[in-house]
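1. only geometry, no sequence info:
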Ligand SMILES: [Zn+2]
């Protein structure tokens with residue numbers, strides 16, 4: 001790394017730590033607003049994993065599909081989705097004071113099933129309502 005690169009490197013590092021500190025002090029609503037729980041990975045398109053056969057025959061129209069590659073990227077995406085969902089669950093339950101409730105999983109599943117199609121903010125609001133009952 002040159003001198004200039006080091007400068008950029010440290011600047012990026014400071015900015016990243018700055019963000020991290022801000023995120024730690026944010027409540028779930030604010031985190032939702034900045035897309036903290038959004039999956040930043042790109043969902044793979046099947047077409048990106050299809051290619052023409054390279055056998056060299058002039059009449060070959062075979063199309064090959066790199067299934068392993070597609071599935072691997074899709075699995076990473078799903079894994080990230082699960083990670084973000086459980087992170088949201090942990091944060092949201094903590095925020096509404098249900099972290100130590102023995103029924104927290106059931107309560108969360110109910111709020112999730114009823115509200116997540118309208119967005120995570122709705123899930124949080126439903127959890128807030130439900131938390132009054134417990
Ligand atoms: Zn071929």
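-> Right, received. Where do you want to start? Note that the structure is predicted; figures quoted are calculated from it, not measured.
2. wait, residue 28 sits on residue 127?
-> No. Contact criterion Cβ atoms under 8 Å: residue 28 and residue 127 do not qualify, at 9.3 Å. C-beta coordinates here come from the backbone N, C-alpha and C atoms, glycine included.
3. neighbour count winner among the two?
-> The residue with more neighbours, out of residue 28 and residue 127, is residue 127; 24 against 21, by other Cβ atoms under 10 Å.
4. who touches that one in this structure?
-> 92, 93, 96, 98, 107, 108, 111 (Cβ atoms under 8 Å, 6 or more residues apart in numbering).
5. again with residue 115
-> 122, 123, 125, 126.
6. After the lowest-mean-pLDDT helix or strand in the chain, which helix or strand is next? Please name it.
-> Averaged element by element with mean pLDDT, DSSP states H and E, the chain has its least confident helix or strand at helix 3-25 (a mean of 68). Downstream of helix 3-25, the next assigned helix or strand under DSSP states H and E is helix 28-33.
7. Show me what the following helix or strand past that following helix is packed up against.
-> Next in sequence after helix 28-33, counting helices and strands by DSSP H and E, comes strand 50-52. If you count contacts as 3 or more Cβ pairs under 8 Å, 6 or more residues apart in numbering; DSSP states H and E, strand 50-52 packs onto strand 63-65.
8. So which elements touch the following helix or strand past the strand it packs on?
-> Downstream of strand 63-65, the first helix or strand assigned by DSSP H and E is helix 67-95. Under the contact definition 3+ Cβ pairs under 8 Å, 6+ apart, helix 67-95 sits against helix 28-33, helix 104-115, helix 120-131.
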